[in-house]
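> Quick one: sequence and predicted model below, then my questions.
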Amino acid sequence: MHLSAGDLLRAEKNKESSADGALIRDLISTGALVPAGVTIRLLQKALEQNHGKMFLIDGFPSRSLADAKLFIEEVGAPKFALCYAVSKDAMTSRIAASGKSVNSLLMLEKRYATYLEQSEPVKEYLKEIGLVREINAEATEEEVYAESRELFL
């Protein structure tokens, strides 16, 4: 089952009677980030509602090492963390080949810098504790899919 942290936050934000929803609305209106504790609470609720299923949690924890450690403390260690490895050059080539605008390339620059600053330390920590499964995402779509699928069987 796929759980997107962003989707859970957006759904909660739209619940008028939710205290977390009100907090999320307030934070988003000011451009602030939602605290990890709120995201973890929403993920825990989704996990409990679907007890016994295997989950792919998309988009969390990736902002900070503290978020990753809090997630493991509150929820427990995942079976593994799936990381798709692709070079900046390959991403740039893919964007150029797609015909997307210069803005897409500028966005890649910003997101890649954010990845190196925030997400890479999370990945390294998870790798240190033996949780990272890395897939070469520069392979063909079919190869990437097949290798990814094997992890979930």
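Perfect, I can see it now.
> backbone phi and psi for the residue sitting nearest the centre point of the chain, please?
Per CA atoms, centre = their mean, the C-alpha nearest to the average position across the chain is that of Gly59, at 1.5 Å. When read as degrees, to the nearest 10, the backbone of Gly59 gives phi 90, psi 10.
> Could you break this structure into its assigned domains?
Following automatic domain parsing, the chain resolves into domains at 1-78, 81-153.
> any idea how far Val34 is from the residue nearest to the centre of the chain?
12 Å (CB to CB, to the nearest Å). Every residue, glycine included, has its C-beta placed from N, CA and C.
> ok so, going back, let me know how buried the nearest residue in space to the residue nearest to the centre of the chain that is not next to it in sequence is, in neighbour terms.
Once flanking residues are discounted, Gly59 sits nearest to Ala5: 4.1 Å by CB to CB, 6 or more residues apart in numbering. Neighbour count for Ala5, taken as other CB atoms under 10 Å: 21.
> Report whether the expected contact of Ala5 with Leu56 is present.
No - in this structure, Ala5 is not within contact of Leu56 by CB atoms under 8 Å, at 11.4 Å.
> could you point out which element follows the helix or strand of the chain with the lowest mean pLDDT?
Least confident helix or strand, the chain: helix 102-114 with a mean of 87, by mean pLDDT, DSSP states H and E. Using DSSP states H and E, the helix or strand that follows helix 102-114 in sequence is helix 120-128.
> hmm, back to that, for the domains of the chain, which one ends up most surrounded?
Sort the domains of the chain by mean neighbour count, taking mean count of other CB atoms under 10 Å, and domain 1-78 sits at the top with a mean of 15.
> Off-centre distance for that one?
11 Å (CA atoms, centre = their mean, to the nearest Å).
> hmm, who's touching stretch 17-34?
Outside stretch 17-34, the residues that touch it by CB atoms under 8 Å, 6 or more residues apart in numbering are 9, 12-15, 38, 41-42, 63.
> what is the rounded mean pLDDT of that stretch?
Stretch 17-34 carries an average pLDDT of 92.
> helix/strand/coil for Ala68?
Secondary structure, DSSP: H, G, I helix; E, B strand; the rest coil: Ala68 is helix.
> sorry, that was for Gly76
Assignment for Gly76 (three-state DSSP): coil.
> Report the separation between it and Leu70.
For Gly76, the distance to Leu70 - CB to CB - is 12 Å.
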